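>>> Next input, structure requested:
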Amino acid sequence: MVPLHRRTPDAVPVGLFTIKDLAEACGLPQPVISQLVPHTNTAAGRLYTEAQLRYAVEMAEQFRSPNRT
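Below you'll find the predicted structure:
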């Protein structure tokens, strides 16, 4: 059996965010974030910058806007 390697909170570099962090901030499902929000590849894995987090929040607001075109 191959052990699963789970990232501990310590493994995420300061100033970067996990997909879980983005999902909690913007309310979008993780698969949507994965497909639509640009990410940053790091030694710790696929992470997101503060600018990418803001992008996800803005995108979620647009998705929920009643005047969306």
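>>> Only C-alpha atoms from now on, for both contacts and neighbour counts.
Will do.
>>> what are the ranges of the strands in the protein?
40-42, 45-47 (DSSP state E).
>>> Count the residues that sit near the nearest residue to Ala60 once chain neighbours are set aside.
Computed as Cα to Cα, 6 or more residues apart in numbering, the closest residue to Ala60 that is not its neighbour in sequence is Cys26, at 6.0 Å. Using other Cα atoms under 10 Å, Cys26 is surrounded by 18 other residues.
>>> ok, back up a step: between the strands of the chain, which one is closest to Val32.
strand 45-47 (14.8 Å; Cα to Cα).
>>> From the chain's centre, how far out is that closest one? Work that out for me.
A distance of 9 Å separates the C-alpha centroid of strand 45-47 from that of its chain, computed with Cα atoms, centre = their mean, to the nearest Å.
>>> just stretch 31-51 next, same as before
Centre-to-centre, stretch 31-51 and its host chain are 5 Å apart (Cα atoms, centre = their mean).
>>> Looking at it now, give me its mean pLDDT.
Here stretch 31-51 scores 95 as its mean pLDDT.
>>> got the contact list for it?
Contact with stretch 31-51 is made by 11-13, 15-19, 22-23, 52, 55-56, as judged by Cα atoms under 8 Å, 6 or more residues apart in numbering.
>>> Endpoints of that stretch, how far apart?
Using Cα to Cα, to the nearest Å, the end-to-end distance of stretch 31-51 comes out at 19 Å.
>>> Pick out the residue nearest the middle of this structure.
Ile19 (3.1 Å; Cα atoms, centre = their mean).
>>> Verify the contact between that one and Gly27 for me.
No - the criterion here is Cα atoms under 8 Å, and Ile19 misses it with Gly27 at 11.2 Å.
>>> one step back: redo the contacts of stretch 31-51 as CSV? Include distance to Ala43.
As requested, those are arranged in CSV below (distance: Cα to Cα, whole Å):
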residue, distance to Ala43
Ala11, 10
Val12, 10
Pro13, 10
Gly15, 14
Leu16, 12
Phe17, 13
Thr18, 13
Ile19, 16
Leu22, 19
Ala23, 22
Gln52, 18
Tyr55, 23
Ala56, 22
